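S.K.: Compute the structure for the input listed below.
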Amino acid sequence: FWFSVHLLDLINKSPHLANVFKAVTLNGKSIVMTALLGLVLIYLYAIVMFNVTQDAILLDNYPDEDIPMCTNLLVCWVGAINEGLRASDIGAIMEPARPDEAFGMFVFNFVFQFTFWVLVITILLNVIFGIIIDTFGELRANHTFKKNHMENTCFVCGIDRFRLDTKGNGFERHIKEDHYMWWYLFLVVYLNAKESTAYNGWEQYVASKLKVDDFSFVPRNSAVVLKEVQEREEAESKMMSAKISSMYTTTETLAAEFAQLKEVQVSSHAEISQIKETQMSTLAEMEMLSVGFRRESQTY
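M.R.: The predicted model follows:
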């Protein structure tokens, strides 16, 4: 018989079943406290049943005689838990009342059964199911995040795929050639197997770090290929800055020459104005002379 329990080992073998099991156990405290609150509420309903409708709490056992389900408070409470939760209707063990004969009892049964359905069946059970579903969703989100991080982040340096694809030689090439994680494991095994007296300089350095659990020798957020790209970008930036400075100097020179040309133009305009004035005065003198000559010729 007990060998059949070994079938539950499927939970350990299947990660999907393990997640389902975790969805129930991870927030087990919240589920247990909510269930305990439900038991307390059902106990309060059992007290009301025991004091008000004890004789009317019967379980249908047709064709035999009905079974009384509230002979004492414990039986009443267990019956309410069994029939109220399993059948989702506590009215299944309550004898119905005729509204034309006992209207007060009819109203009491309605309020009692309806509030039990709202508080216990609708709210508390759905709260428990909601906790389980939210936990399962949280586990799935965590699994997706871990999977995405493993597939898109370098295990050694921690640089993401986008940065390596855009500024490096590609993510796949990086994790297989530059930072191949199994090489680092091989290095640890190699140093453990090698005699410490045969270490060279860098082996002695790495071994001393491993001895004190210091992994600072592992590159974090840095890679040679990114340094090369960074140096190239810095060189291009310096060239661009030099070009901008040269263009700025050329622009200042052109502005100065333009200002000189403007001054020359202004002075040229002034000289032209003076020449025009001189021409006008010369014409006026010539006209006066011609008038004088005419008068003298008329006199003679």
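S.K.: any chance you could map the helices in the stretch 101-250 of the chain?
M.R.: All helices of the stretch 101-250 of the chain, identified by DSSP state H, counting those that start in this stretch, fall at 103-116, 125-152, 161-167, 171-173, 181-193, 201-211, 224-299.
S.K.: Pipe these into CSV and attach mean neighbour count, mean pLDDT and distance to Asn61 per row.
M.R.: C-beta here means a position set from N, CA and C on the backbone, and glycine is covered the same way. CSV is the format used below for the helices of the stretch 101-250 of the chain (neighbours: other Cβ atoms under 10 Å; pLDDT from 0 to 100; distance: least, Cβ to Cβ, whole Å):
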stretch, mean neighbour count, mean pLDDT, distance to Asn61
helix 103-116, 15, 89, 21
helix 125-152, 13, 89, 27
helix 161-167, 16, 84, 68
helix 171-173, 15, 88, 71
helix 181-193, 12, 89, 69
helix 201-211, 13, 88, 75
helix 224-299, 10, 78, 80
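S.K.: Val52 is nearest to which of those helices?
M.R.: helix 103-116 (7.0 Å; Cβ to Cβ).
S.K.: which secondary structure elements does that closest one contact?
M.R.: Applying 3 or more Cβ pairs under 8 Å, 6 or more residues apart in numbering; DSSP states H and E, one finds that helix 103-116 contacts helix 28-52.
S.K.: Name the surrounding residues that touch the helix it packs on.
M.R.: Applying Cβ atoms under 8 Å, 6 or more residues apart in numbering, the contact partners of helix 28-52 are 24, 57, 70, 72-73, 76-77, 79-81, 84-85, 90, 94, 108, 112, 116, 119-120, 124-125, 127-128, 131-132.
S.K.: what do you get for stretch 242-262?
M.R.: Contacts of stretch 242-262 (Cβ under 8 Å, 6+ apart): none.
S.K.: Tell me how far that stretch lies from the chain's centre.
M.R.: Relative to the chain's own centre, stretch 242-262 is displaced by 51 Å; criterion: Cα atoms, centre = their mean, to the nearest Å.
S.K.: for stretch 268-276, same thing?
M.R.: Distance of stretch 268-276 from the chain centroid (Cα atoms, centre = their mean) equals 77 Å.
S.K.: repeat for stretch 239-254
M.R.: The answer for stretch 239-254 is 45 Å, by Cα atoms, centre = their mean.
S.K.: ok, now stretch 162-170?
M.R.: Centroid separation for stretch 162-170 versus its chain: 22 Å, with Cα atoms, centre = their mean.
S.K.: how many neighbours does Ser30 have?
M.R.: If you count neighbours by other Cβ atoms under 10 Å, Ser30 ends up with 15.
S.K.: 42 is where my numbering starts, stick with that
M.R.: Got it, first residue is 42 now, which makes that one Ser71.
S.K.: what about it, distance to Gly171?
M.R.: Here Ser71 is placed at a distance of 10 Å from Gly171 (Cβ to Cβ, to the nearest Å).
S.K.: if I look at Gly171, how far off is Thr163?
M.R.: Distance, Gly171 to Thr163, by Cβ to Cβ: 12 Å.
S.K.: Ok, Gln315 next?
M.R.: Gln315 is 106 Å from Thr163, where distance means Cβ to Cβ.
S.K.: same deal with Val148?
M.R.: Counting by Cβ to Cβ, the separation of Val148 from Thr163 is 21 Å.
S.K.: what does Lys187 give?
M.R.: According to Cβ to Cβ, Lys187 and Thr163 sit 36 Å apart.
S.K.: same question, Ala283
M.R.: 75 Å.
S.K.: For stretch 248-267, give me every contacting residue.
M.R.: With contact meaning Cβ under 8 Å, 6+ apart, stretch 248-267 is reached by 195, 197-200, 204-205, 208-210, 215, 219-220, 225, 229, 232, 237, 240, 246-247.
S.K.: again with stretch 43-50
M.R.: Residues contacting stretch 43-50 (Cβ under 8 Å, 6+ apart): none.
S.K.: tell me the mean pLDDT over that stretch?
M.R.: Stretch 43-50 carries an average pLDDT of 84.
S.K.: List the contacts of the residue nearest to Val197 when sequence neighbours are not counted.
M.R.: Leaving aside its sequence neighbours, Val197 sits nearest to His220 (Cβ to Cβ, 6 or more residues apart in numbering; 3.8 Å). Residues near His220 by Cβ under 8 Å, 6+ apart: 195-198, 260, 264.
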